[in-house]
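Visitor: Sharing a model prediction with you, sequence too.
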Amino acid sequence: MYESAEARRAAPVSPPPLRRAASPGAPGGSRRPGPPGWPDRVPPPQATGWQVPAVGWLLDHCPSDYRMYAVWRRHPVALAWVTTHHLDAQLGAMRTAYRGLRVDLAEHVEPEGVAAALAALEAEGARLLAARRAAGLVLEAMQGHHFVPRL
């Protein structure tokens, strides 16, 4: 099935992914900090002061109103815990929407729109899944878990 010119113009264009520069001693590519799945914007857990940017990253994945409460900055482990639950709920909502969209909106949205919406939900689900993994790793690190690199 081909997409109409109007649908192509209306579709949002996502920016290219950001790439981290290769770190010294990393042959042939970039080395992300922390364990696989660790958030790019957060220094690895062994770095001094890593929890400050981690709190900002966690707050970015919660409703903006969470920034009003000082408790999250005073108790980052609680924030990490709440963030994982919030991301789990968002993943559940995306999965429910994906399952029901075709049936619930068939009479109101043309097939091209349904296909585009399903693609958007799929992309958002993948983004949320990666964020959930990263939040889980941050929570584990805040709880004192030490990540050991494997070969």
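Guide: Alright, I've got the coordinates.

Visitor: for this protein, what spans make up the helices?
Guide: Using DSSP state H, the helices found in the chain span residues 5-10, 51-60, 71-74, 76-104, 111-142.

Visitor: so residue 134 makes contact with residue 35?
Guide: No. Counting by C-beta atoms under 8 Å, residue 134 does not reach residue 35; the two are 9.7 Å apart. In this view, the C-beta of every residue, glycine as well, is placed from N, C-alpha and C.

Visitor: Now mean pLDDT too, for the helices of the chain, in TSV please.
Guide: What follows is the helices of the chain, written out as TSV (pLDDT from 0 to 100):
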stretch	mean pLDDT
helix 5-10	49
helix 51-60	96
helix 71-74	96
helix 76-104	96
helix 111-142	95
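
Visitor: Return the most buried member of the ones you listed.
Guide: helix 51-60 (a mean of 19; mean count of other C-beta atoms under 10 Å).

Visitor: Can you tell me which helices and strands it packs against?
Guide: Other helices and strands packing on helix 51-60, by 3 or more C-beta pairs under 8 Å, 6 or more residues apart in numbering; DSSP states H and E, are helix 71-74, helix 76-104, helix 111-142.
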